[in-house]
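> What follows is a predicted protein model with its sequence.
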Amino acid sequence: MARTWILAALSIILIGFGVPAITIYSAVHYNLNSIVAGIIVVFALAVAGLLGVIGMGLGWEMLTGDVASNAITPEEKEKLNVLRADQRATLEELDDIVAILREIRDVLKTAQD
């Protein structure tokens, strides 16, 4: 979610500052019509402002969303318990594998000496 907010903020900054800067640069150095440049600048600033307002509204809604919608259902609890049991079993198997590998290491060390 933070990555989405960062990308949204960067796009707003690019639209709000980048487009007007490039437009003014083009108007000064490449003789772009000043009326067209003004229209482009105003439009870019309006779009950036609108995106900023929408982004703040959506961000606020995500932060202060309904707490009841975040409640875990019984089906989700059951799935979570199954996943936890599977993880525990996997970790136990890995512990067994580590013990076997240590035994193999010890045997190899004694055989080397």
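Alright, I've got the coordinates.
> how far away is residue 9 from residue 56?
Going from residue 9 to residue 56 by CB to CB, to the nearest Å gives 10 Å. Where you see a C-beta, it was placed from the backbone N, CA and C, and this is true even at glycine.
> again but with residue 23, I slipped
Taken as CB to CB, the span from residue 23 to residue 56 is 25 Å.
> Of those two, which one has the most company?
residue 23 (19 against 11; other CB atoms under 10 Å).
> correct me, but the more buried one touches residue 37?
Yes: taking CB atoms under 8 Å as the definition, residue 23 is a contact partner of residue 37 at 4.9 Å.
> In which helix or strand does residue 32 reside?
Using DSSP states H and E, residue 32 sits within no helix or strand.
> do residue 42 as well
Residue 42 belongs to helix 34-63, assigned by DSSP H and E.
> right, and the helix or strand after that helix?
Later in the chain than helix 34-63, the nearest helix or strand by DSSP H and E is helix 74-112.
> Extract the residue ranges of the chain that are flagged as low pLDDT.
Where the chain drops to pLDDT under 70, the residues are 1-2, 63, 65-70.
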